[in-house]
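Undergrad: next input, structure requested:
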Amino acid sequence: SSGASSPPAPSSSASSRMASIVQHKSLHQKARFWGQREPFFVGNIPNGSVVADLGCGAMHLRSALESSHHTGVHYIPVDAVHRGDAAMRLCNLNKHEYPLNLHPTPTVVVVQGLFEYIYDKLLFLRVLRCAYPRATLLLSYAVGHRVGAYKAQGWLAPLLPEQLNEI
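TA: Presented below is the predicted three-dimensional model:
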């Protein structure tokens, strides 16, 4: 047994959808720049990669890869809310809807600005590792925030740095 518990039920005000999804569904229309973390991701994606961008939002990563002149990159956008792109794969990760059969098979999985919103972080990482054992996982996470400190923004289940390293 992994000791993982079932995720809490979504609030009724979220109409059975994760509160952060409802809150952030139009964020891609408001925020055009994601700060300093994006260069890290772009710099760690080799040419010729198949990139699964989980929680892709407005697909800033795709634009950054294109403007950095990466070659041969196949980009697979995945989000819980459809953003109008025909290639978009829809998955609500907190309802255990995981992108398990992406084709072509990802060689890089990007989790940029998403991990804070995942209920069961350990299960999420285990599922990704089982589905794509050879893929490089690139992850950003704001570690160590107080429980409830960012609840209004939809952040869930905070981890300390040593807990994140452990899982």
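
Undergrad: look at the spatially closest residue to L114 that is not a sequence neighbour and report its pLDDT.
TA: Take L114 and drop its neighbours on the chain: the residue closest to it by Cβ to Cβ, 6 or more residues apart in numbering is G55, 3.1 Å away. Using the backbone N, CA and C atoms, a C-beta is placed for each residue, glycine as well. Here, the pLDDT recorded for G55 equals 93.

Undergrad: counting neighbours, what do you get for G55?
TA: 22 (other Cβ atoms under 10 Å).

Undergrad: likewise for the one 4 residues further on?
TA: Per other Cβ under 10 Å, the neighbour tally for M59 reads 18.

Undergrad: check V42 too.
TA: V42 has 17 nearby residues by other Cβ under 10 Å.

Undergrad: what of G57?
TA: Using other Cβ under 10 Å, G57 is surrounded by 21 other residues.

Undergrad: ok, N165 next?
TA: With other Cβ under 10 Å as criterion, N165 counts 9.

Undergrad: against L125, how distant is it?
TA: 12 Å (Cβ to Cβ, to the nearest Å).

Undergrad: do I76 as well
TA: I76 is 19 Å from L125, by Cβ to Cβ.

Undergrad: who's more crowded, the two?
TA: I76 (22 against 17).

Undergrad: confirm that one sits in a strand?
TA: Yes - counting by DSSP: H, G, I helix; E, B strand; the rest coil, I76 falls inside a strand.

Undergrad: that one against C91, yeah?
TA: No - the criterion here is Cβ atoms under 8 Å, and I76 misses it with C91 at 11.2 Å.

Undergrad: overlap of the contact sets of the two?
TA: P99 (Cβ atoms under 8 Å, 6 or more residues apart in numbering).

Undergrad: list the buried ones in the helix or strand harbouring V42?
TA: Assessed by DSSP states H and E, V42 sits inside helix 37-43. For helix 37-43, burial by neighbour count (16 or more other Cβ atoms under 10 Å) applies to E38, F41, V42.

Undergrad: turn those into a markdown table, including distance to V111 and pLDDT.
TA: Formatted as a markdown table, the buried residues of helix 37-43 follow (distance: Cβ to Cβ, whole Å; pLDDT from 0 to 100):
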| residue | distance to V111 | pLDDT |
| --- | --- | --- |
| E38 | 13 | 86 |
| F41 | 10 | 94 |
| V42 | 15 | 96 |
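
Undergrad: next one: C56 from T71, what distance?
TA: Taking Cβ to Cβ, one finds C56 at 20 Å from T71.
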